[in-house]
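In: Prediction below, plus the sequence it came from.
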Amino acid sequence: SDAVRSAEEAVVVPAAVLEGHCGLCGSRRGFAAADADSDPREGLRCLGCGCNARQRAVAMALLAAPGLRATGADSRIYLTEQASTLFVALRRRFPRLLGAEFGTSWARRVRMSAWLLRRGAWTWIRNRDATALGFDGASLDAVASLDVLEHVPSHATALAEFARVLRPGGVLVFTVPFYEDEARSRTIARLRDDGSVEFFGEPEYHGDPRGGGVACFHHFGWDIATDVRQAGFADAELVRAWMPAQGLPRGIWMVRAVR
């Protein structure tokens, strides 16, 4: 099956539905609840836009950001994914939305671009590295990243790059697997000079929606907010989005920062 198969295609008739309305697309069809117990962050897909709990939490944090409310539909936002239901749904609200994938072959980029075209959000799939985005300094209103930084060997470099491309007052919202019982983050792997990965314990790979597994380099604890401030942000905080009426009954941890 295609690696960019949409979430709404994956669940045609959900076994159970959680009632509520989606703060992103406005649908009142509810949320697919069958997969929520196994992984509440990846489950509870909106039956309207197909976005899961983690995606909708980030989207609502963006929509609530004062800076983006001021710039409205003209906001220039960068999302560290592109062939996704979140990109499609957000682009309806923010026509200037930019996105990208990482390490994607030409053939796969063609298939992903066709996937976007079928959903009315056509744009050519681009490759970008979170540590070197290629945008002008202070040229973006917001950056959103979902479960990417744990796969970047130097997450501090990526955070500094996010700070560089954001205008003063711009907002960063991101998710990572967050270890709320840990005060300090741990580096669990490093990238060798030859490009191979050295794990300091049991190798850890996370599933990639595009197919395959991706090495995890970090387990993030509460000090991730300190890392964000040190990267050049005026303020950073860990927030837990808990909105039962909008399909977030268990809460989703995010980092929200202002440049």
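Out: Structure's in. What do you need? These figures come from a predicted structure and were not determined experimentally.

In: Mind jotting down where the helices sit in the stretch 151-259 of the chain?
Out: 155-165, 224-230 (DSSP state H, counting those that start in this stretch).

In: closest one to residue 213 among those?
Out: Residue 213 lies closest, by Cβ to Cβ, to one member of these: helix 155-165, at 18.7 Å. C-beta coordinates here come from the backbone N, C-alpha and C atoms, glycine included.

In: If I follow the layout properly, residue 142 ends up in contact with residue 80?
Out: No - using Cβ atoms under 8 Å, residue 142 makes no contact with residue 80, being 11.8 Å away.

In: Settle it for me: which of these two has more neighbours?
Out: Taking other Cβ atoms under 10 Å, residue 142 and residue 80 do not tie; residue 142 has more neighbours (25 against 21).

In: who touches that one in this structure?
Out: 62, 65, 67-68, 75-78, 166, 170-173 (Cβ atoms under 8 Å, 6 or more residues apart in numbering).

In: can you tell me the helix or strand for it?
Out: Applying DSSP states H and E as the criterion places residue 142 in strand 140-146.

In: List the pairing partners of that strand within its sheet, with orientation.
Out: Its sheet considered, strand 140-146 pairs with strand 77-79 (parallel), strand 166-175 (parallel) by DSSP bridges.

In: Would you mind finding the most buried of those?
Out: The highest mean neighbour count among those, using mean count of other Cβ atoms under 10 Å, belongs to strand 77-79: a mean of 23.

In: Mind listing residues that contact that one?
Out: Residues contacting strand 77-79 (Cβ under 8 Å, 6+ apart): 62, 68, 86-87, 90, 94, 96-100, 133, 135, 140-145, 165.
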